[in-house]
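# what shape does this take:
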Amino acid sequence: MKLTVIGCSGSFPGPDSPASCYLVEAPFDGRTYRLLIDLGSGALGNLQRVCDLRDIDAVALSHLHADHCFDLSGLYVVSKYHPDGQLDRIPVFGPAGTGDHLAAAYGIVEPVGMTEQFDFRDWQDGGTVELGPFTVTSIHVDHPVPAYAIRVAAGGHSLVYSGDTGPTDQLVDLAAGADLFLCEASFVESVDNPPNLHLTGAEAGTCAARAGVGRLLVTHIPPWTDRAEVESDVKTTWDGPYDIVTAGSTYDLA
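Here you go, the predicted model:
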């Protein structure tokens with residue numbers, strides 16, 4: 001299983017990275033299966049540096065804020081209007097209402113919306129689905145809109161993605177024993193943060209320690225936030241291996 005960070009900027013694209021998007025790949029049936037986790041603002045451009053957009057097999061959306069899903073509009077254009085012909089329908093997992101939400105965002109008024117290009121399926125809290133070589137588990141987390149953390153397992157290895165969330169025991173449970181823990185840290189400890197929204201670096205580190213993960217990958221830092229301060233916060237609660245991720249970083253689990 002291979003993880004490529006396509007975009008990791010929090011809340012909106014920054015000068016060095018698009019918003020949230022992560023490509024997970026693994027061998028399957030003699031080829032490479034490609035799962036996108038989130039497809040936030042600006043990510044579709046960077047994604048073309050590492051794969052053909054027509055080779056995406058499935059999309060998993062953690063929630064419906066623009067920085068996590070709005071570039072599905074561009075993938076819709078590729079799927080419908082590419083000169084080599086329309087693609088087969090791509091499974092897109094997300095919170096209930098994902099298809100209607102994204103069709104409205106794109107401005108589609110036809111009753112079919114985007115359903116001729118995408119097979120929209122709802123996450124179930126605690127549910128598990130099989131996507132090619134991957135076993136994908138979703139669990140509801142703590143955010144102002146319906147939002148899910150996602151665990152992807154294949155070949156005896158696992159990756160857990162927090163999505164956007166405040167501190168919650170559900171995320172600790174989902175991340176238990178994961179090889180890679182891709183966890184947001186949008187906030188810093190030095191300010192008074194609103195509840196039920198995001199994690200600080202220290203809270204991400206606490207979650208990683210409680211879950212006993214192999215490596216912490218800190219992501220979703222907004223462009224206005226000092227990454228060094230987030231890293232300092234992480235170090236107060238986590239003494240294991242970690243990275244403050246950047247767009248283009250790759251991680252192999254062999």
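
# how about D239, secondary structure?
Judged by DSSP: H, G, I helix; E, B strand; the rest coil, the three-state class of D239 is coil.

# tell me the spacing between it and G205.
Distance, D239 to G205, using CB to CB, to the nearest Å: 9 Å. Every C-beta, even on glycine, is put in place using the N, C-alpha and C of the backbone.

# ok, the two, which is more surrounded?
Shown here are D239 and G205; by other CB atoms under 10 Å, G205 has more neighbours (24 against 10).

# test my guess that the more buried one contacts V234.
Yes. Using CB atoms under 8 Å, G205 makes contact with V234 at a distance of 4.7 Å.

# buried sites along stretch 106-123?
The neighbour-count check on stretch 106-123 (16 or more other CB atoms under 10 Å) flags 108, 113-115, 117-118, 120, 123 as buried.

# mind putting the residues you listed into a markdown table with secondary structure?
Shown next, in a markdown table, are these (three-state DSSP):
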| residue | secondary structure |
| --- | --- |
| I108 | coil |
| G113 | coil |
| M114 | coil |
| T115 | coil |
| Q117 | coil |
| F118 | strand |
| F120 | strand |
| W123 | coil |
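
# closest to P27 out of those residues?
Comparing the buried residues of stretch 106-123 against P27 with CB to CB places F118 closest, at 24.7 Å.

# next helix or strand past the helix or strand hosting V92?
Applying DSSP states H and E as the criterion places V92 in strand 90-94. Counting by DSSP H and E, the next helix or strand C-terminal to strand 90-94 is helix 98-106.

# any chance you could list what contacts that next one?
The contact list for helix 98-106, computed with CB atoms under 8 Å, 6 or more residues apart in numbering, reads 61, 64, 66, 69-70, 72-73, 76, 92, 113-115, 118, 120, 122.

# now the helices for this protein?
Along the chain, counting by DSSP state H, helices occupy 43-47, 66-69, 72-81, 98-106, 169-175, 201-211, 227-235.

# may I see those helices arranged in CSV, with mean pLDDT and distance to G132 as well?
Converted to CSV, the helices of the chain look like this (pLDDT from 0 to 100; distance: least, CB to CB, whole Å):
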stretch, mean pLDDT, distance to G132
helix 43-47, 97, 18
helix 66-69, 98, 21
helix 72-81, 96, 18
helix 98-106, 96, 20
helix 169-175, 98, 21
helix 201-211, 98, 26
helix 227-235, 98, 33
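
# how about the ones you listed, which one is nearest S138?
helix 169-175 (8.6 Å).

# which other helices and strands contact that closest one?
On a contact count with 3 or more CB pairs under 8 Å, 6 or more residues apart in numbering; DSSP states H and E, helix 169-175 meets strand 134-140, strand 148-154, helix 201-211.

# buried ones in that helix?
170-172, 174-175.

# turn those residues into CSV, columns for distance to P18.
CSV is the format used below for those (distance: CB to CB, whole Å):
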residue, distance to P18
Q170, 28
L171, 24
V172, 28
L174, 25
A175, 25
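
# which among the residues you listed gets closest to G42?
Out of these, the member with the shortest distance to G42 (by CB to CB) is L171, at 26.0 Å.
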